[in-house]
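Peer 1: structure here, sequence nowhere to be found:
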């Protein structure tokens, strides 16, 4: 990944400037491998994110909001015990290693200060956070590693913490002379420059290896056999970059594709993409990492968490769609019921010409309006009267089936619409709290079996709707799921409040708390943008948003959660705007 040891050094330098001397005010663990420290200092509050996921290990300040679990994990409780009130004395990094050390002065239960350290290891398949005391003994760690699980070291409470050993056989790029570089290059047996760099030096990511190759010879994977200058260009570009690293001339750069997708990031301007991407300098490494990782990693976590729920809802939806298709086919067949009645009438008219045992009646078709004959199949084991009765019975059955099928199709369509709305909720979920609300809704509607002991008497498990404040001071609310939409619109909102919803698609109910007055146009537009953002039409450009007084919103009898009808409405055109929604959202 692009977050190599040199990039981590740049992050360390930035954090040392920003948070040294700050106190730890809160400790949270919103995900199994995410630790969030709320810091206070210089009259300001900031949040330090430590992510220890295998593909997104990092440490930086964040402005992103996280939902906490109902109960804090044991490791989080231990960190709270030891870290709340601790002051960050310094931030270190062993040279060219992907480890950050937070040196703390922390009060014990008696208020006596003692030194503690947090080691954040951002490497390997199992990144880790280890808390040690002033004697270097491990108090605890996120991932405990026994001796039998590692051929290098054990990480367990009570043991002395030992820094990880450097990568065997690799050279520190910040500590090599030109002569040593040339000697190593002469011994290389790799096919390309980037492969040689990544396999020879520690602290250099594949991205930087390709960048050095491109800056040297105009190719990200230039063949070593084609080098024409004895490696002089390679030496020049390598040391130009390492010199910047030694002099701490790091700058945060983000690389976007032509359509705006995030491609890469680094501590130097990445030029290897040439005209296919744009490299932009950002204000800070924390802002860069927050942009590149936090949203995408959280979406990936949510995707993994909801896979089982989404599969269940999709299965129910597919079953409903198949049932509807069968019912529509059966309804289509009932359209021929008049022919059955006519056959019965023709048989009855010709009873005097028929005998038992006949399998076919050919008689005048007086329903056609022309001088034609109709062939009617008969059951030879039945009398003519019984054959006529059979056709009348099938006619009556088809007639009754039409009424029944129409009712069932209407129910099925409502069910299909509801399940599609739940899928939309899952796709828009932004955290654990949203997912819990969706699962609660599915339990209430019978799609998921309720957990035993879940609804403990006196314990309120209802989440609050999303809350916003418009530019002119109006409170705006948005439901997180169908159940919350019902509660917000039909119970919480005043009859004089304004209700908004994206027209003819699934999305949140949005309420403007207007207080018996019409909100201004700016507030109405901002609420419409919120409705567009929290809907299936989020990426659909400009969309129509219907709005009406809450008193004109009704819920049909027996309707599924979130399903309402409304009258006396108007329509405004708006499009999703994440920046505006984030600015208006209350933390």
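Peer 2: Yep, it's here. No experiment lies behind these values; they were computed from the predicted model shown.
Peer 1: quick one: residue 477 is in a helix?
Peer 2: No: counting by DSSP: H, G, I helix; E, B strand; the rest coil, residue 477 falls outside a helix, being strand.
Peer 1: what sits against it?
Peer 2: When contacts are counted by Cβ atoms under 8 Å, 6 or more residues apart in numbering, residue 477 touches 465-468, 488, 492-493, 510-511, 513. In this view, the C-beta of every residue, glycine as well, is placed from N, C-alpha and C.
Peer 1: buried subset of the residues you listed as a PyMOL selection?
Peer 2: Selection of buried members from the contacts of residue 477 for PyMOL, criterion 16 or more other Cβ atoms under 10 Å:
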select buried, resi 465+466+468+488+492+493+510+511+513
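Peer 1: restricted to strands, list the contacts of residue 477.
Peer 2: Applying DSSP state E to the contacts of residue 477, the entries found in strands are 466-468, 510-511, 513.
Peer 1: tell me the one among the residues you listed nearest to residue 382.
Peer 2: Taking Cβ to Cβ as the measure, residue 510 is the one of the ones in strands among the contacts of residue 477 closest to residue 382, at 64.9 Å.
Peer 1: domains of the chain?
Peer 2: 5-149, 178-287, 305-463, 466-584 (automatic domain parsing).
Peer 1: gap between the lengthiest helix in the chain and the chain center?
Peer 2: Ranked by residue count, the top helix of the chain under DSSP state H comes out as helix 384-428. Centroid separation for helix 384-428 versus its chain: 37 Å, with Cα atoms, centre = their mean, to the nearest Å.
Peer 1: what angle do the next helix or strand after it and helix 384-428 make?
Peer 2: Downstream of helix 384-428, the next assigned helix or strand under DSSP states H and E is helix 432-444. Taking axes from the mean of the first three to the mean of the last three Cα atoms, to 10 degrees, one finds helix 432-444 and helix 384-428 inclined to each other by 160 degrees.
Peer 1: residues making contact with helix 432-444?
Peer 2: Outside helix 432-444, the residues within contact range by Cβ under 8 Å, 6+ apart are 30-31, 67-69, 302, 305-306, 309, 312-313, 422, 425-426, 428-429, 448-451, 454, 461, 463, 480-484, 561.
Peer 1: residue 501 belongs to a helix?
Peer 2: No: counting by three-state DSSP, residue 501 is not found in a helix; it is strand.
Peer 1: Three-state assignment for residue 362, please.
Peer 2: Three-state assignment for residue 362 (three-state DSSP): strand.
Peer 1: surely it and residue 372 touch.
Peer 2: No: look at residue 362 against residue 372 with Cβ atoms under 8 Å: they stay out of range, at 10.7 Å.
Peer 1: the contacts of helix 432-444, buried ones only, as a PyMOL selection?
Peer 2: Of the contacts of helix 432-444, the buried ones can be selected in PyMOL as follows, counting by 16+ other Cβ under 10 Å:
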select buried, resi 30+31+67+302+305+306+309+312+313+422+425+426+428+429+448+463+480+481+482+483+484+561
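Peer 1: from the contacts of helix 432-444, which ones fall inside strands?
Peer 2: Mapping those onto strands (DSSP E) picks out 30-31.
Peer 1: next, the angle strand 360-364 makes with the longest helix of the chain.
Peer 2: Relative orientation of helix 384-428 versus strand 360-364 (the same axes, to 10 degrees): 100 degrees.
Peer 1: phi first, then psi, for residue 165.
Peer 2: The phi/psi pair for residue 165 (degrees, to the nearest 10) reads phi -70, psi 150.
Peer 1: report how many residues lie close to it.
Peer 2: By other Cβ atoms under 10 Å, the residues close to residue 165 number 9.
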